[in-house]
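*Asks:* I would like to see how this sequence folds:
(4 chains)
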Protein chains: 2
Amino acid sequence: MPVTIQDVAREAGVSVSTVSRAFTVPDLVKDETRQHVLHTAERLGYRPNRAARGLITGKTGNFGVIVPDLSNPFFPTVLKGVQARAREADYAVFLADCDENATEEIALVQAMAKQVDGVILCSSRMSPSQLERVVGTTSLVFINRQVRDHPAVLMGAAGGMRQAIDHLAALGHRRVAFLNGPKASWSNRERRRGLRHSARYDMEIVELGPFAPRFEGGPHAADLAIAEGVTAIIAFNDLLALGVMSRLADRGVSVPEEMSVVGFDDIPMAGMATPPLTTVAMQNERAGRAAVDLLVNLLTVSGAEAGDLRRELDCQLIVRASTGVPARS
Amino acid sequence: MPVTIQDVAREAGVSVSTVSRAFTVPDLVKDETRQHVLHTAERLGYRPNRAARGLITGKTGNFGVIVPDLSNPFFPTVLKGVQARAREADYAVFLADCDENATEEIALVQAMAKQVDGVILCSSRMSPSQLERVVGTTSLVFINRQVRDHPAVLMGAAGGMRQAIDHLAALGHRRVAFLNGPKASWSNRERRRGLRHSARYDMEIVELGPFAPRFEGGPHAADLAIAEGVTAIIAFNDLLALGVMSRLADRGVSVPEEMSVVGFDDIPMAGMATPPLTTVAMQNERAGRAAVDLLVNLLTVSGAEAGDLRRELDCQLIVRASTGVPARS
DNA sequence: ACCGACTCTGCAAAGGATTGCAGAGTTTCA
DNA sequence: TGAAACTCTGCAATCCTTTGCAGAGTCGGT
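*Replies:* Residues are numbered from 1 along each chain as shown, chains lettered A, B, ... in the order given. Below you'll find the predicted structure:
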C-alpha cells in the first residue's frame, strides 16, 4: 500500500539508486533525470521510509525529550521550542514524561537510545551515579543541569535573581525572604548563588524551606515569611509565589502594600494573577531551540569536537504589580 | 558499537533465528535454550532495533500525537495521559505542535505516517476536506472532534454545560451570557448544544463572540457582557474566563456579587485565581489514555472491526467562588 | 524395527533504503 | 583520431530483524 522507492523507480524508468540519489545527493544526477524523478515521486506521493534509511545510515532523524512533569507549565513551553526547532532541522521528536522519577528517566533514555540520534534532558532528576549509566548510550544535551563537560543550555537564574534584588533594594526593602525549592536541584543552587548579590546592599536575606515548588507549597511558606517579619518574598518559582499570594490574600495581607512578592519562570498565569506577579522570565522556548541546535551541532561535527558545548541564556525581571515600596514600620 | 542480534547469537552459540524467537515467540524455543539466550542478551545489554523490526513486521511500535498549541495548558494534561498509557502499552510517542495551523497539521500527519502505527489528533483544526486527504494515510483517533465514523474520544461538554446552567439557575440567574470560542470547532458546537438546556428554566441566554480562546480575548468579551446587562457569564474556556475576571476587576465589578463567571477546562490556574473560578472540569488525562486504548484496540483487532469506536467522557462542574447569588437589580 | 507426529533449530529470503564500485556515454585535449 | 577525464547511472551488498520452510532429532505406538 505505501509507495516505496521501488515504485518510484519503476514508474520513472530508472533504478532505485538514481531515485535515492535524486533525494540525498542531487548533484550526482543529471538535472533532467532528477526533475523527472522528483516529479514522479511527488505524483505518487512517495515519502522515504526513515526507518529503512536509518538502518543503513545509522541516523534515525529523531530526537528524544524527557521532561520531569508535563503538568508543570514550565516544561510545555520549552517543549514547544524544542519541537519547533527540531522540525526546522527536519527531526521528529519523541516525548517522554518521567514523573519526576529518576529511575524512570534512566529506563526511558535506554529505551529511546536505539530510536534516536540524541536526547534532551530537561531538569534531569538523575543523581550523578545514575547519569554515568546512561552517558554514552546516546548523545545527551541537558537543559538546566550542569554535569561535567556535557553540552547543556542553562538559564542563568543567578542573573535574574540579581535583578530581583536590585529591584527590591531600589524600592527600599531591607529584609527579604527567599523560599527554597528542591534543595538538590541545579535550579535552586543557581538562584541561591544570585542571592549573594544582596551583600551589595543593606539587605538581609532570610532563607526558608525547602518547599514543594507547587501552588500547594505556598500557604505554609507565606505563614513562615510573615512570621519572619520580612517586607518582601522571593519564591523559587511562580507556582509557589502564587500559592503565597493566595495565602496572603486570605490572611488580609495586601500585596504589594504590606508584602512584595517575586516569582521565577513567568508562567502564563503569572500575568493573570491579582495582582499580576513580578517575576523573572526565563527564555524557555529559546532554551528549547538552543538545546536542539546544540544537539544538531554535536551530531554533525561529531569528531571535530568543535563548537561551544554550553549555551547560557539570561533572564529578565518583569516588574508587574506584586512589588512596591514597603510600608514604613 | 551497539550490540545486535548477531552478537547475541554468536555469543550464545545459536542462530539469529533462535535469538529472535526467544524474544518474540518464547514457546517455540526450548526452555533451556531460551534461558541461555535471554541471559546472554541481558549480559550484553542487547536491545532489539525497533526500526529493523518495523521494517519487516510493518509495525513501528510508535504513536504520533498532534496538538494545536502546547502553550494552551489544556493540552499538556491530555498529553500526559497519552504518554503514560502509551508507555504501559509499550509504545513510544512522537509529539508535534501544529500551532493551530491546519495545513501544518496535514503535513505533520503525512510526515509521521511512515514512522508510526497511528496518530492521535487533539482538537483537530482541519476542515472536512482536508481531513479526507489524510484519512487512510494511517490509523487516526480523534480527541474532541467528531468526524463521521472515525474512532474518537469526546469530552461531553454539553453535559458540563447543562450542569453549569442548573447551577446558575439554582442561584437565581435569569439572564446569562455565553462567550463563544472558535465557532467552527466541535468543542464550541458541543457547548452550545448544552446551552439549549436553559429552556427548562426561565433563563435567557445571550450569545456573544466568537472570541479568541485566550486570556487576551477576555477584556473585550467582558465589556460586551456588562453592556448586555447579564448577571452571569459562561466562557468558552478558562483562559477566556480569567481574562474576563481580570477586566471585571479593573472595572470595579465584583465577582461573584455583581457578576458570576463560569469557565471550562479546569486548568490549574483556575483554582488559583481570585476568586477561584467555578468551571467545568474535563477528564483530560483520562481522555489521553482512552485515545491510546482506542488506537491499540484498532491496531490489534484490525479486520474484526469490533470494539467501540467512540468513547465519551463526562464532565464535572466544579463550584468555586466565582459564582453566587445575583445582586437584586 | 519402522513410521508418523512432535519439538526444536537453522537457512535464507524478505523489508526499504544507501552507497562503493564499475560500466556506459560524453567531452576535452593533444 | 585516440586516449584521458568526466559525468551519469545501475548492480549488488549492506543495515538488523522476522518468518516460512525444511531438516534433525526424539518419542510413542504398532
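*Asks:* Quickly list what A:Cys232 is bridged to.
*Replies:* You called it Cys, but residue A:232 is Ala. Beta-bridge partners for A:Ala232, by DSSP bridges, are A:Val176, A:Ser260.
*Asks:* Quick check: it vs B:Ala287, distance?
*Replies:* Distance of A:Ala232 to B:Ala287, given as CB to CB, to the nearest Å: 42 Å. The C-beta positions use only the backbone N, C-alpha and C, and glycine is treated the same way.
*Asks:* who's more crowded, the two?
*Replies:* A:Ala232 (29 against 22; other CB atoms under 10 Å in any protein chain shown).
*Asks:* what sits against that one?
*Replies:* Contacts for A:Ala232 (CB atoms under 8 Å, 6 or more residues apart in numbering or on different chains) come out as A:168, A:171, A:173, A:175-177, A:259-262, A:323, A:326.
*Asks:* From those residues, list just the buried residues.
*Replies:* A:168, A:171, A:173, A:176-177, A:259-262, A:323, A:326 (16 or more other CB atoms under 10 Å in any protein chain shown).
*Asks:* which bits of chain A sit near DNA strand C?
*Replies:* A:2, A:4-6, A:16-17, A:20-21, A:23-25, A:46-49, A:52-53, A:55-57 (CB under 7 Å from any atom of the strand).
*Asks:* what ranges do the helices span in chain A?
*Replies:* Along chain A, counting by DSSP state H, helices occupy A:5-12, A:16-24, A:31-44, A:50-57, A:74-88, A:102-113, A:128-134, A:157-171, A:186-195, A:218-227, A:238-250, A:284-301.
*Asks:* near chain B at all, the longest one?
*Replies:* Meaning helix A:284-301. No: contact of helix A:284-301 with chain B is not found when judged by CB under 8 Å from any CB of the partner chain; the minimum separation is 8.7 Å.
*Asks:* Quick check: buried residues in that helix?
*Replies:* A:284-298.
*Asks:* What are the contacting residues of it?
*Replies:* Helix A:284-301 is contacted from outside by A:59, A:63, A:74, A:77-86, A:89, A:91, A:117-118, A:120, A:139, A:141, A:143-144, A:151-153, A:155, A:307, A:309, A:311, A:313, using CB under 8 Å, 6+ apart.
*Asks:* in chain A, what spans have low per-residue confidence?
*Replies:* A:1, A:302-307, A:329 (pLDDT under 70).
*Asks:* mind checking how far the residue nearest to the spatial centre of it is from A:Ile143?
*Replies:* Chain A has A:Val78 as the residue nearest its centroid, 4.3 Å off, counting by CA atoms, centre = their mean. As for A:Val78, its distance to A:Ile143 is 6 Å (criterion: CB to CB).
*Asks:* Overlap in contacts, those two.
*Replies:* By CB under 8 Å, 6+ apart, the residues touching both A:Val78 and A:Ile143 are A:122, A:287-288, A:291.
*Asks:* rewinding a little: ok, and of the contacts of helix A:284-301, which contact chain B?
*Replies:* A:77, A:79-80, A:83-84.
*Asks:* Could you report the neighbour count for A:Arg200?
*Replies:* 11.
*Asks:* same thing with A:Gly271?
*Replies:* Neighbour number of A:Gly271 under other CB under 10 Å is 16.
*Asks:* Skip the chain neighbours and tell me the closest residue to it.
*Replies:* Using CB to CB, 6 or more residues apart in numbering or on different chains and skipping the chain neighbours, the partner closest in space to A:Gly271 is A:Arg320 (6.7 Å).
*Asks:* So which of the residues of chain A next to DNA strand C reach DNA strand D?
*Replies:* Answer for those near DNA strand D (CB under 7 Å from any atom of the strand): A:16-17, A:21, A:52, A:55-56.
*Asks:* Most neighbours among those residues, which one?
*Replies:* Neighbour max across these (other CB under 10 Å) = A:Arg21, 18 neighbours.
*Asks:* Contacts only, for that residue.
*Replies:* A:28-29.
*Asks:* how close does it sit to A:Val29?
*Replies:* 5 Å.
*Asks:* swap in A:Ala221?
*Replies:* 66 Å.
*Asks:* Counting neighbours around each, name which of those two comes out higher.
*Replies:* A:Ala221 (25 against 21).
*Asks:* nearest residue to A:His258 other than its sequence neighbours?
*Replies:* One thing to correct before we go on: residue A:258 is Glu, not His. A:Ala327 (5.6 Å).
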